[in-house]
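> How does the following fold in three dimensions:
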Amino acid sequence: MVKIIRYILSLATLFLAGAHSLIGQEVELRDSLEAARVTDLHRMRREVGVMLTTPENLRATASPLGEGDALRWVQALPGVATGADGTSAFYVRGGNSGGNLLTVDGIPVYGYSHLLGITSILPSDVVATARFVKGGFGGAQGNFSSSHIALQTVDSRPEQREITLTLNNFLAGAGVTAPVGEKGAVIAAGRISPLSIEYQALKGLMQGGLGDLNGLGAGVFDLFGKFCWAFNEKDRISASVLGSMDRYTFLTSDGSGERMGWGNIIGAVQSRHERGWGSVRLSASYNGYRSIQQQDKNFRSREYNFSLTSLLDEISLSADGAFPLGNGIEVDAGIKMCLGGFAPGQFGQKVNRKWTALTSGYVQGVWRTRRLSVDGGVRLNAFKYDQTGLVPDFNLSAKWRPFPFLAVEGTFDRISQFYHTLEGLPLGWTMDVIVPASSSLPAEELRQGYAGLEFSFGRNQLSVGAFVREMDNVIYYKNAGDLFSGAQTAWEEAAEAGKGDARGIEVLYEFCGEEFYAKASATVANATRSGFATVNGGRPFHAAFDRHVVANATVEWRQISLSFVYQDGNWVNGRGERYEVPFPGDESVMLEYYSSINNHQMPPLVRLDASYRLKWSWGRVANEVNLGVCNLLNHFNPYTVYYDTKEGVWKEMALLPILPNFSWRIKF
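This next block holds a predicted model:
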């Protein structure tokens, strides 16, 4: 595992730094900030437990690619802690990363990270709106236990054809939106990464810095296409497809090779129908997710081969309706049927799928007046695998505005997750094994409450609140650090269910001026795990990314942007106490005793990013170039420790240090 990460760190340094040779330091992939336009678009729209934003704001978020996406935007919000600095892994209100759900037009995306965890698989050009929900989930949302990122893609008909070309450190892309006749539209976008070409062109700059790495193969792309047709103003239909692939091959000088990767293929047909009594949305979709680990090892002149795959196929049908009753009252209702085929941890060519069925129905009521809004509902889930069970979910949210400048809000949720993610490395690689809930690993359950205040005065907006969260059947995976290991074929023996709890305070402030914009968020919280029979003796221990203090700040003036991040260190299994064990013959050996799981806290994560954006036009051709510097302070941000057997010492591992980045967008 450490060797693979070393390869990736060296390659990432090579591609992002170009002529910078950073030999001997194990450092991490890190963010840079794209300069952003200072307009009212920056002010996020806030609902109870929900944040909404635009694609312009997504692209303006810090990212090593020079422009951000939904994952980067979420990482800068209160209640959210990141995994390894620079990656897309994130943890919400003390939950596991596998409890986060990302949907595109309502369809779950299980392998949503891309390009070694740097970004997500959906190009920002096709995103119309982004919603981040961490409370007050609503009956239409289910099968997750922490948070929901809901992305809605463009479906409006443009007046004329528009083409966009993009280029940054790692990706080259193109997109088009075009009218079809008088009632239709086509939206398409794709990106590809030239990692293999960059490796061949630039590897000479790091002679000796890549160790025994002798070759790199990388196949990285994503593609989105959508066709929309409006029969009239009240009836619309769309068909869409989303595909992605991440495949990486590392070849060593002794002829050995290691391959890893993941991919998605998603197809959906959806329609919307509006009538005087309300609206109905129908959807049918297929969702396929794959991950693979392969190893060809040359050991003492003999060839050894290893292959491990994990598969998930899902077919879903759903119907949702919204029925306004007048006087600010609306009733929403829906049903969803989902058939899932799981093949986790399959060794060699053998594929043994196990099928599940999840049927959910919900009713949601909304009442809104000028000062008060109340939203509540119930969702009933019927899940069948090795047994059949009925599990209810509940939600309630309310917001009262006694004065124009002040609002009081609160939420309560009980929600269930029927797909367990056996979490691996905190790098945002979606190679984790996904398994169904069973009698031995029951469905995860979340109960949480939130209460807060929201202030609005002039160009300022401030929210302050506190949350309490309890989790049952949280999964702890003992083989989390194993890559290229047959241990994952016996995942049942390494996964255990226990309890979790978290509580904390969240603060979010925004100022939006004519030429100046500022945003600051802070979280003070703690999260623990307990009740695992064979882990830590059942005693409580820190959640791995229980970062007690998290703070983010962004300042933008004209074309200049600065972004600062501080997070307390995460928790790892560090070196324990050493003691001597005597052996016969006056010999002895030194052993280590670990007092607890996650007994060592890493140093704090500190990062400052800066960027400058240029914009100009040549006739109908609009250009936008972003020049940035990641980790301007060159601060070493380690996320784990490992034992170097050659030197006999513990070492810290991080990703990238100070690095430049750029992005170029052309639209015509």
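> thought residue 183 was touching residue 230?
Yes - using C-beta atoms under 8 Å, residue 183 is in contact with residue 230, at 4.8 Å. From N, CA and C alone the C-beta is placed, and that goes for glycine too.
> who does the longest strand seen in the chain pair up with?
When the chain is parsed with DSSP state E, its longest strand is strand 302-326. With DSSP bridges as the test, strand 302-326 is paired with strand 278-299 (antiparallel), strand 329-347 (antiparallel).
> roughly how far out does the first one sit from the chain middle?
Computed by C-alpha atoms, centre = their mean, to the nearest Å, the separation of strand 278-299 from the middle of its chain amounts to 16 Å.
> Specify the beta-bridge partners of the closest residue in space to residue 166 that isn't next to it in sequence.
Of all residues not flanking residue 166 in the chain, residue 173 sits nearest, at 4.4 Å (C-beta to C-beta, 6 or more residues apart in numbering). Under DSSP bridges, the beta-bridge partners of residue 173 are residue 166, residue 191.
> Then residue 230?
Bridge pairing for residue 230 (DSSP bridges) gives the partners residue 236.
> one step back: got the buried residues for the longest strand of the chain?
By 16 or more other C-beta atoms under 10 Å, the buried positions in strand 302-326 come out as 307-314, 316, 318, 320-322.
> Compare neighbour counts for residue 183 and residue 230 and give me the winner.
Remark: of residue 183 and residue 230, residue 230 carries more neighbours, 18 against 13, as counted by other C-beta atoms under 10 Å.
> distance of the more buried one from residue 284?
Distance of residue 230 to residue 284, computed by C-beta to C-beta, to the nearest Å: 19 Å.
> Please report how far residue 558 lies from residue 55.
Counting by C-beta to C-beta, the gap from residue 558 to residue 55 is 21 Å.
> who has more neighbours, the two?
Under the criterion of other C-beta under 10 Å, the comparison of residue 558 against residue 55 puts residue 55 first, with 20 against 12.
> Next up, the contacts around that one.
Residue 55 makes contacts with 124, 125, 127, 128, 130, as judged by C-beta atoms under 8 Å, 6 or more residues apart in numbering.
> shaky segments in the stretch 401-550 of the chain?
Scanning the stretch 401-550 of the chain for pLDDT under 70 picks out 425-431, 481-490.
> so where do the strands sit in it?
406-417, 419-422, 433-436, 444-457, 460-477, 495-512, 516-530, 541-542, 549-557 (DSSP state E, counting those that start in this stretch).
> didn't residue 61 look like it was pressed against residue 72?
Yes - under the criterion of C-beta under 8 Å, residue 61 is in contact with residue 72, at a separation of 4.2 Å.
> And stretch 264-283, what's buried?
For stretch 264-283, by 16+ other C-beta under 10 Å, it's 264, 265, 266, 267, 268, 270, 271, 272, 278, 280, 281, 283.
> measure it end to end?
Stretch 264-283 has its terminal residues 19 Å apart, counting by C-alpha to C-alpha, to the nearest Å.
> same question for it, mean pLDDT?
What stretch 264-283 shows for mean pLDDT is 97.
> What lies in contact with it?
Contacts of stretch 264-283 (C-beta under 8 Å, 6+ apart): 104-107, 109-112, 121, 233-244, 284-290, 316-324.
> gap between that stretch and the chain center?
For stretch 264-283, the distance to the chain centre is 26 Å (C-alpha atoms, centre = their mean).
> again, but for stretch 519-535
Mean-position distance between stretch 519-535 and its chain equals 18 Å (C-alpha atoms, centre = their mean).
> my guess is residue 120 meets residue 112, correct?
Yes - here residue 120 reaches residue 112: they are 5.3 Å apart, a contact under C-beta under 8 Å.
> residue ranges with poor pLDDT in the stretch 101-250 of the chain?
For the stretch 101-250 of the chain, the ranges with pLDDT under 70 are 202-214.
> how about the strands of it, start to end?
Counting by DSSP E, counting those that start in this stretch, the strands of the stretch 101-250 of the chain are 107-108, 113-114, 119-120, 127-133, 147-153, 162-168, 172-180, 184-192, 213-230, 235-252.
> Sort out which residues of the fourth one are buried, please.
When neighbours are counted by 16+ other C-beta under 10 Å, the buried residues of strand 127-133 are found to be 127, 130, 131, 132, 133.
> Taking strand 147-153 as reference, get the angle to that strand.
Angle between the axes of strand 127-133 and strand 147-153 is 170 degrees (criterion: axes from the mean of the first three to the mean of the last three C-alpha atoms, to 10 degrees).
> would you turn the buried residues of strand 302-326 into JSON lines with distance to residue 439 and pLDDT?
Listed next are the buried residues of strand 302-326 as JSON lines, based on distance: C-beta to C-beta, whole Å; pLDDT from 0 to 100:
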{"residue": "307", "distance to residue 439": "30", "pLDDT": "73"}
{"residue": "308", "distance to residue 439": "25", "pLDDT": "78"}
{"residue": "309", "distance to residue 439": "25", "pLDDT": "83"}
{"residue": "310", "distance to residue 439": "21", "pLDDT": "86"}
{"residue": "311", "distance to residue 439": "22", "pLDDT": "90"}
{"residue": "312", "distance to residue 439": "20", "pLDDT": "94"}
{"residue": "313", "distance to residue 439": "23", "pLDDT": "96"}
{"residue": "314", "distance to residue 439": "22", "pLDDT": "97"}
{"residue": "316", "distance to residue 439": "24", "pLDDT": "98"}
{"residue": "318", "distance to residue 439": "27", "pLDDT": "98"}
{"residue": "320", "distance to residue 439": "31", "pLDDT": "98"}
{"residue": "321", "distance to residue 439": "35", "pLDDT": "98"}
{"residue": "322", "distance to residue 439": "37", "pLDDT": "97"}
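> which among these gets closest to residue 496?
If you rank these by distance to residue 496 using C-beta to C-beta, residue 310 comes first, at 19.2 Å.
> residues contacting that closest one?
290, 291, 292, 343, 344, 345, 346, 431, 433, 434.
> redo that, cut-off 7 Å
291, 343, 344, 345, 346, 433, 434 (C-beta atoms under 7 Å, 6 or more residues apart in numbering).
> Any idea what it is bridged to?
residue 291.
> Same question for residue 651.
Under the criterion used (DSSP bridges), residue 651 bridges to residue 642.
> just so I know, which of the strands of the stretch 101-250 of the chain lies nearest residue 529?
Closest to residue 529 of those is strand 147-153 (C-beta to C-beta; 18.3 Å).
> List the strands paired with the closest one, with their directions.
Strand pairing for strand 147-153, using DSSP bridges, gives strand 100-104 (parallel), strand 127-133 (antiparallel).
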